[in-house]
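Engineer: okay, here's the prediction I keep looking at, along with the sequence it came from:
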Amino acid sequence: MILIIFGPPGAGKGTQAVQIRERYGIVHVSTGDMLRAAVKEGTQLGSLAKSFMDKGELVPDDVVIGIIKERITKPDPGNGFLLDGFPRTIPQAEALDQVLEAEGLKIDAVVSIEVDDEEIIKRISGRQAEENRADDKVDVVKTRLDVYRNQTEPLKEYYRERGTLKEIDGIGSVQEVGDSIEKVLRVLDSKGK
Ligand code: AMP
């Protein structure tokens, strides 16, 4: 199964991704986590990425496409994978389609967690107190939200046209949102995907 988990910053993508990974035994591939690891290791990629991440801007497409290509063309991970935080732009989505096609694979579902801006700011302020992520500061969050609405949200239309978009109400407990996602995925699973 190949899934994409999609939504604004603070929608709970990471939390839900972990649950999906455990339930379906698929590999969780998070570009945010990969980039943060590179920053921590102090690699060249990390210092380039950091200059964008700290401002809440997107790391350039060619950089992110390069790391995702390398990751998903590794030997077959078995049950499939769950992409979290990728794609974030139309060129990234097009590049992903090309890579998957070359591998004879296709996306089963794009799970979009829907949360309004007010709730996002509230949630991220809570996360900032707990995790102290540089890009969770209020002004940076505002930029990340603008970037999401302008560059990433148009992808919903891209996937709607391809029949893979599944919109989920992201307001509710982790369990409630998880149950809504499970319902959608169960239908897919029962179709033998
Ligand atoms: P995340 O943990 O997914 O919210 O990602 C944190 C930050 O990493 C983002 O604000 C971007 O600066 C960068 N990033 C992660 N994934 C991507 C991507 N697919 N394209 C560009 N930048 C990304």
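Structural biologist: Arrived safely, thanks for sending. Residues are numbered from 1 along each chain as shown.
Engineer: which residues of this structure lie near the ligand?
Structural biologist: Within the chain, the positions lying close to the ligand (Cβ under 6 Å from any ligand atom) are 9, 31-32, 35, 52-53, 56-59, 64, 85-88, 92, 135, 144. Glycine gets a C-beta too; all of them are placed from N, C-alpha and C.
Engineer: ok, now with 8 Å
Structural biologist: Contact residues, the chain versus the ligand (Cβ under 8 Å from any ligand atom): 9, 13-14, 30-33, 35-36, 49, 52-53, 56-61, 63-64, 68, 84-89, 92, 135, 144, 147.
Engineer: which of those fall in helices?
Structural biologist: Taking DSSP state H as the definition of helices, the residues of the chain next to the ligand contribute 13-14, 31-33, 35-36, 49, 52-53, 61, 63-64, 68, 92, 144, 147.
Engineer: report the buried members of those.
Structural biologist: Among these, the ones that count as buried by 16 or more other Cβ atoms under 10 Å are 13-14, 31-32, 35-36, 49, 52-53, 61, 63-64, 68, 92, 144, 147.
Engineer: closest to the ligand out of these?
Structural biologist: Ranked by distance to the ligand (Cβ to the nearest ligand atom), these are led by residue 32 at 2.1 Å.
Engineer: so the closest one makes contact with residue 84?
Structural biologist: Yes. A contact is recorded between residue 32 and residue 84 when judged using Cβ atoms under 8 Å, the distance being 7.4 Å.
Engineer: give me the common contacts of those two.
Structural biologist: residue 14 (Cβ atoms under 8 Å, 6 or more residues apart in numbering).
Engineer: how about residue 60, nearest residue that isn't a chain neighbour?
Structural biologist: residue 52 (7.5 Å; Cβ to Cβ, 6 or more residues apart in numbering).
Engineer: what about residue 42, neighbour count?
Structural biologist: 9 (other Cβ atoms under 10 Å).
Engineer: one more: residue 156?
Structural biologist: By other Cβ under 10 Å, 16 other residues sit near residue 156.
Engineer: same question, residue 40
Structural biologist: 10.
Engineer: close enough to count as contact, it and residue 49?
Structural biologist: No. Between residue 40 and residue 49 there is no contact under Cβ under 8 Å: 10.9 Å.
Engineer: got the buried residues for the helix or strand where residue 187 lies?
Structural biologist: Residue 187 is part of helix 174-190, with elements assigned from DSSP states H and E. Of all the residues in helix 174-190, those buried under the rule 16+ other Cβ under 10 Å are 177, 178, 180, 181, 182, 185.
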